[in-house]
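S.K.: below are the sequence and a predicted model; questions follow.
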Amino acid sequence: GAVVSQHPSWVICKSGTSVKIECRSLDFQATTMFWYRQFPKQSLMLMATSNEGSKATYEQGVEKDKFLINHASLTLSTLTVTSAHPEDSSFYICGCGTGGTEAFFGQGTRLTVV
Amino acid sequence: AQSVSQHNHHVILSEAASLELGCNYSYGGTVNLFWYVQYPGQHLQLLLKYFSGDPLVKGIKGFEAEFIKSKFSFNLRKPSVQWSDTAEYFCAVVSSGSARQLTFGSGTQLTVLP
């Protein structure tokens, strides 16, 4: 149980285009979803948290217009990187939580912007 | 705001050595504490968690952690490491309040030499 699927696993896009990353909880309902990015050899940096029924809460320094998060349902959240630039290249990971308990993570998405 | 500190950035041990990774958090309220592991090329996995009760928590693969409230610590231990324990280890905390933000420490890279 507690499987989270993140798609795609890796994506290469041209600078200026937008990329959508999907995160699905396959066998449970995620009341809270987290989006993180991880730079090489660094920790996970929380980008935003979205709770059921409310808009995403972004961390300081994260541009909400650039990183669009849609918590469409209790099993699906999407992160759209708009007008991507090379500095957006990173590893993005989603986490799904069930009411304040531990989160279960997707396998991550490696984004490379060229 | 809550924060998590992991003081050991890189630990190198020989097989059968004992392991202790430090984790300290700062938050005045009630927290839930976690240790996650990320093996090379894989997604984050939960090792163990503390919510309440016995402060000595046992997790998978022989790992355990002790919650010491007075020290705001949640150190991870294993009596005898194996080469397969080579991975990155992250301590994380989530407040039991409405924010429900899961905050990670900077991670500790463990290398076990055969």
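M.R.: Sure thing, it's come through.
S.K.: contacts only, for the residue nearest the centre of chain A.
M.R.: When CA atoms, centre = their mean is applied to chain A, the residue found nearest the centroid is A:Trp35 (3.7 Å). By CB atoms under 8 Å, 6 or more residues apart in numbering or on different chains, the residues touching A:Trp35 are A:23, A:46-50, A:67, A:69, A:77, A:79, A:92-95. All C-beta atoms are positioned from the backbone trio N, CA, C, and that covers glycine.
S.K.: looking at the sheet around it, what are its partners?
M.R.: A:Ala48, A:Cys94 (DSSP bridges).
S.K.: pLDDT below threshold where in the chain?
M.R.: Because you didn't say which chain, this covers chain A. Residues of chain A meeting the criterion pLDDT under 70: A:1, A:41, A:53, A:99-101.
S.K.: can you look at chain B instead?
M.R.: Counting by pLDDT under 70, the ranges of chain B that qualify are B:96-100.
S.K.: close to chain A: what parts of chain B are there?
M.R.: B:32, B:34, B:36, B:42-46, B:49, B:51, B:90, B:94, B:96, B:99-107, B:109 (CB under 8 Å from any CB of the partner chain).
S.K.: got the residues of chain A near chain B?
M.R.: Counting by CB under 8 Å from any CB, chain A sits next to chain B at A:32, A:34, A:36, A:41-44, A:46, A:49, A:51, A:57, A:93, A:95, A:97, A:100-108.
S.K.: can you tell me which of those are classed as buried?
M.R.: Among these, those scoring as buried are A:32, A:34, A:36, A:43-44, A:46, A:49, A:51, A:57, A:93, A:95, A:97, A:100-108 (criterion: 16 or more other CB atoms under 10 Å in any protein chain shown).
S.K.: identify those among these that sit within strands.
M.R.: A:32, A:34, A:36, A:44, A:46, A:49, A:51, A:57, A:93, A:95, A:97, A:103-105 (DSSP state E).
S.K.: max pairwise distance over these: which two?
M.R.: A:Thr57 and A:Phe104 (19.8 Å; CB to CB).
S.K.: A:Arg110 sits in which helix or strand?
M.R.: strand A:109-113 (DSSP states H and E).
S.K.: just the CA coordinates of that strand, formatted as CSV?
M.R.: Provided in CSV are the C-alpha atoms of strand A:109-113 (Å, rounded to 0.1, in the frame of the first residue of the first chain):
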residue,chain,number,x,y,z
THR,A,109,11.2,13.7,-12.0
ARG,A,110,14.6,14.8,-13.4
LEU,A,111,14.0,18.0,-15.4
THR,A,112,16.6,19.3,-17.7
VAL,A,113,16.0,22.6,-19.5
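S.K.: give the buried residues for that strand.
M.R.: Along strand A:109-113, these residues count as buried under the neighbour rule (16+ other CB under 10 Å): A:Thr109, A:Leu111, A:Val113.
S.K.: one more: stretch A:12-32?
M.R.: Judged by neighbour count (16+ other CB under 10 Å), stretch A:12-32 contains these buried residues: A:Cys13, A:Val19, A:Ile21, A:Glu22, A:Cys23, A:Arg24, A:Ser25, A:Ala30, A:Thr31, A:Thr32.
S.K.: and for stretch B:10-29?
M.R.: B:Val11, B:Leu13, B:Leu19, B:Leu21, B:Cys23, B:Asn24, B:Tyr25, B:Tyr27.
S.K.: same question for stretch B:41-50.
M.R.: So stretch B:41-50, judged by 16+ other CB under 10 Å, has buried residues B:Leu44, B:Leu46, B:Leu47, B:Leu48, B:Lys49, B:Tyr50.
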